[in-house]
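# Sequence below, structure please.
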Amino acid sequence: MTLSHYFTKYLPAIDAEMRQVVSPPHFNAPQNAPQRDTALDVYYGMLHYHLGWVDADFKPALSDSGKRLRPILTLLTCEAAGGDCENALPAAASIELLHNFSLIHDDIEDGDTTRRGRATLWTIWGRPQAINAGDALFTLAHIALSGMVARNVPPARRLSVRERFDQACLALTQGQHLDLSFELRTSITEAEYLRMIGGKTAALVAGACAIGAIVAGSEVAAYYENFGREVGFAFQIQDDLLGIWGDPAHTGKPAGNDIRQRKKSLPVAYGLDRSERLRELYAADPIDVAAVSAELEHIGARDYAEAMASQHHQRALNALNASGRDNAATDALRELANSLLNRTA
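Numbers count the residues shown, from 1 in each chain. Down below sits the predicted model:
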């Protein structure tokens, strides 16, 4: 099967698994049902809103729910490693819920007012409720893992999955800590930047792949984990490139948006270490987006970041080849890695 066929196969199953976890029985009961408890309608409504299932009035909606890349990777990896992807659905749902917890908190911490074309949670219900909603998704992400019991995943594998999941949680928050700390600094080194995205982005992608292989009982889960980590690095560096040079018609964001927000992405970290003019431009208020972009191009920051993304992409493919598995799901993993490197949004 091609990658598109796997998306068609997996996405409804992932969505159903997530809905089962995030929707308590009473929430879907008729409005006039005697057993319906309405006290927590807003609580669950906020979660459903963020996940794209309802609008701000809690009416059913078909909003952008994100790419669902991480849970797709979990299921693909499980199948590539010789397992039954159905057994990995609880873990896939937990990975996506954890990712969305981080997005809610990121929006609050960064002051972002829109995500996926809609108002962010905190702008509608306030920061305190949004923080609590993020905490709810963090907790539900752990609860979702319990679904492995009903699917008869062996206890030893379930324990390994939980340990690997918690490691990813910790690395994710460590990466976010570093990212926030960089906002207070005029420059960072490339090594510091790579350590940050290793936690904030690559750790969860690596965890998603490792967990899929663990559920399958693979003896070479480390290769899949390395594949995921390298894909995560390539994905984030490509995101950095799009944040500066992406086409607004594809990205949905203004040109040079990351420069305007003074983000210290890989091209910027590379440039700040090499150009006094760039350091002056980045410190100016207001910032000259066009001048910063031109200086980054001039000193080779764009070419360097593109080369780095390509290197991590190749390392990902090497790790996948080292797994020794050659099947349709493995082909789909390769196709997914290629699509992430060449994406325009």
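# Is it correct that residue 58 is in contact with residue 50?
No: at 12.0 Å, residue 58 does not count as touching residue 50 under the criterion of C-beta atoms under 8 Å. C-beta: built from backbone N, CA, C; applies to glycine.
# and the residue nearest the centre of the chain, what is it in contact with?
Note on the chain: the residue nearest the mean C-alpha position is residue 99, at 5.4 Å, using C-alpha atoms, centre = their mean. Residue 99 is in contact with 66, 70, 204, counting by C-beta atoms under 8 Å, 6 or more residues apart in numbering.
# which one of those sits closest to residue 337?
When the contacts of residue 99 are compared for distance to residue 337 (C-beta to C-beta), residue 70 comes out closest, at 13.7 Å.
# give the contact list for the closest one.
Residue 70 neighbours (C-beta under 8 Å, 6+ apart): 92, 95-96, 99, 204-205, 208.
# could you point out the longest helix in this protein?
helix 155-182 (DSSP state H).
# circling back to that earlier point, neighbour-wise, which of the contacts of residue 70 leads?
Most neighbours among the contacts of residue 70, by other C-beta atoms under 10 Å: residue 208, with 34 neighbours.
# Verify the contact between it and residue 71 for me.
Yes: with contact defined as C-beta under 8 Å, residue 208 reaches residue 71; the gap is 7.0 Å.
# Overlap in contacts, the two.
92, 95.
# And the contacts of the strand or helix carrying residue 122?
Using DSSP states H and E, residue 122 sits within helix 121-125. Contact with helix 121-125 is made by 42, 46, 49-50, 56, 104, 107-108, 113, 129-131, 133, as judged by C-beta under 8 Å, 6+ apart.
# With stretch 143-160 instead?
With contacts defined as C-beta under 8 Å, 6+ apart, stretch 143-160 is touched by 17-18, 20-21, 86-87, 89-91, 93-94, 97, 161-162, 165, 214-215, 217.
# can I have it written out in PDB, keeping just the CAs?
Provided in PDB are the C-alpha atoms of stretch 143-160 (Å, rounded to 0.1, in the frame of the first residue of the first chain):
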ATOM      1  CA  ILE A 143      -5.000   6.800  30.600                       C
ATOM      2  CA  ALA A 144      -5.200   6.000  26.900                       C
ATOM      3  CA  LEU A 145      -2.300   3.500  27.300                       C
ATOM      4  CA  SER A 146      -4.600   1.300  29.400                       C
ATOM      5  CA  GLY A 147      -6.300   0.300  26.200                       C
ATOM      6  CA  MET A 148      -3.400  -2.100  25.600                       C
ATOM      7  CA  VAL A 149      -4.900  -4.400  28.200                       C
ATOM      8  CA  ALA A 150      -8.000  -5.100  26.200                       C
ATOM      9  CA  ARG A 151      -5.900  -5.800  23.100                       C
ATOM     10  CA  ASN A 152      -3.900  -8.400  25.000                       C
ATOM     11  CA  VAL A 153      -0.500  -6.600  24.700                       C
ATOM     12  CA  PRO A 154       1.800  -8.700  27.000                       C
ATOM     13  CA  PRO A 155       2.400  -7.000  30.400                       C
ATOM     14  CA  ALA A 156       6.200  -6.700  29.800                       C
ATOM     15  CA  ARG A 157       5.600  -4.800  26.600                       C
ATOM     16  CA  ARG A 158       3.000  -2.600  28.300                       C
ATOM     17  CA  LEU A 159       5.500  -1.700  31.000                       C
ATOM     18  CA  SER A 160       8.100  -0.900  28.400                       C
END
